[in-house]
Each structure stands twice: as C-alpha cells, then as structure tokens.
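1. Predicted model follows, preceded by the sequence.
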Amino acid sequence: MSKEEEKGVVSEETKTKKTDKKEALNDEVARTFDDILDSDEKIVESYKPNKAKTYFSNIMTAILPMVLFLCLCFVAFLIPSEEPVSVSETWIALGTCIGIVVVLSALLLVFTELWYRHTIYAVTEKRIIIRTGIFGVDYKSLDIKSIGATDVYVSLLDKILCKKTGSLKFGSNSSPILSKSSSYNFAHIKEPYAVYKVLKAHIEKVQKTEVKE
C-alpha cells in the first residue's frame, strides 16, 4: 500500500471515529432531553458552552465591578473627614467590605458552575432547544420553520481571552434578534462561524422541506 493510500485509510478512519463520537454524544444528549422530545424527534446537533469563556464573562461582568467598588470604599476611607475615625474602625469597615465581595464572588462562581453543568444547546429536525438553569432545569425552544435570522456575535472578550468562541442568536417575527425579549442564544460556544454554517444549512433544508409539504 502506498503512502497516499495509507493517508486515505487513516483519514477515513478518523472521519469514522469523529462521526461515531458525535452520534454517541447526540444519543447521550437525547437522553437529557427525553422529557420534551416528541416520539419522532431526533437530535442532529448538540453543543455545550465553552467553560473558560463562561467563567471569564461572569468575572468581567460581575466580580470586577465588585472589586472596583471595594477599591472605591478603600479610597473613601483614606479621605480625611471632619470626625476622626480610629484605625480599628477603618480596618473593621474595610474587612467587612472585603468579606462581602469574597462571599458574593464565591456565590457567583458556584452559580456559574451550576449554570454550565445544566446548559446544553440542541438542534432537531423541528426546532432548536436551549436547556439551562441554576437550581432547576428550564427549556426553551424555537421552531426552525419560524426562524427568520441567525447571527454570529463575537465580543471583544472572545477575541482577547477566549479565541474561537462566540454566540449564535436566532430571531423570529415574534422574537427579533435586536429585541430585548430575544432569548434564543447559543452563548459562549466554540467555533461559532463553523457552527453557524452547519446550522444555517440545516435550517434552510428544513424550511425548504416545510414549503414543499
């Protein structure tokens, strides 16, 4: 067997393994969605948020403002006031602020982990499904036939800290992408442009089938 033939065989084996792995993952995800899937409905694609991006996003949007608040409190204590404040009172107040920030930060990290564990995005022949939640599990779905727009959003944080991540947003007439009520998002996923191409082709295929029927 020539080297080119060997490469071809290896390439086919790699594709087969990837396909088998994907099907196994979709089967596992399908069991997670058993409660809401129709009897004739099958998951064709599934995605998880990128864990690093999820944590970075929450840290940047919540923990950093708390740290900034702590710094402002510290500066405020350094400003001389008309009524003298003892050193012990200053440290007690500062310690209280630090304690509050630490507790809130720890709670945020716990909630982030719970959200990450519960969150899965799935695509079937009929709809997109978003499974998420913190203490409980919530499901949201949008029929593919009603999807009018699909956008890719890559933030500055995606570009700087977590390369090759982004979010996909799905819009319909009742829930436009630019509307505040729009909540059909695949947030913090890997390779958003590649996923966009796959889902766009799937959506167009399903919608064309609906039109023919």
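-> Done, it's in. Numbers count the residues shown, from 1 in each chain.
2. what's the longest helix in this structure?
-> When secondary structure is assigned using DSSP state H, the longest helix within the chain turns out to be helix 87-118.
3. contacting residues for Ser155?
-> With contacts defined as CB atoms under 8 Å, 6 or more residues apart in numbering, the neighbours of Ser155 are Gly166, Ser167. Every C-beta, even on glycine, is put in place using the N, C-alpha and C of the backbone.
4. how much space between it and Ile129?
-> For Ser155, the distance to Ile129 under the criterion CB to CB, to the nearest Å works out to 24 Å.
5. Over to Val195?
-> Here the criterion is CB to CB. By it, Val195 lies 15 Å from Ile129.
6. Same question for Ser183.
-> Using CB to CB, one gets 13 Å for the distance from Ser183 to Ile129.
7. can you check Val103 too?
-> 35 Å.
8. low-scoring stretches of this protein, by residue?
-> Low-confidence segments of the chain, defined by pLDDT under 70, are located at 1-28, 30, 73-87, 89-90, 161-163, 179-182, 210-213.
9. hang on, the earlier thing: can you list the helices and strands that whichever helix or strand comes after the longest helix of the chain packs against?
-> Heading C-terminal from helix 87-118, the first helix or strand you meet, by DSSP states H and E, is strand 120-124. Secondary structure elements in contact with strand 120-124, counted by 3 or more CB pairs under 8 Å, 6 or more residues apart in numbering; DSSP states H and E, are helix 3-32, strand 43-47, strand 127-132.
10. Next, the angle from the second one to strand 127-132.
-> Taking axes from the mean of the first three to the mean of the last three CA atoms, to 10 degrees, one finds that strand 43-47 is oriented at 40 degrees with respect to strand 127-132.
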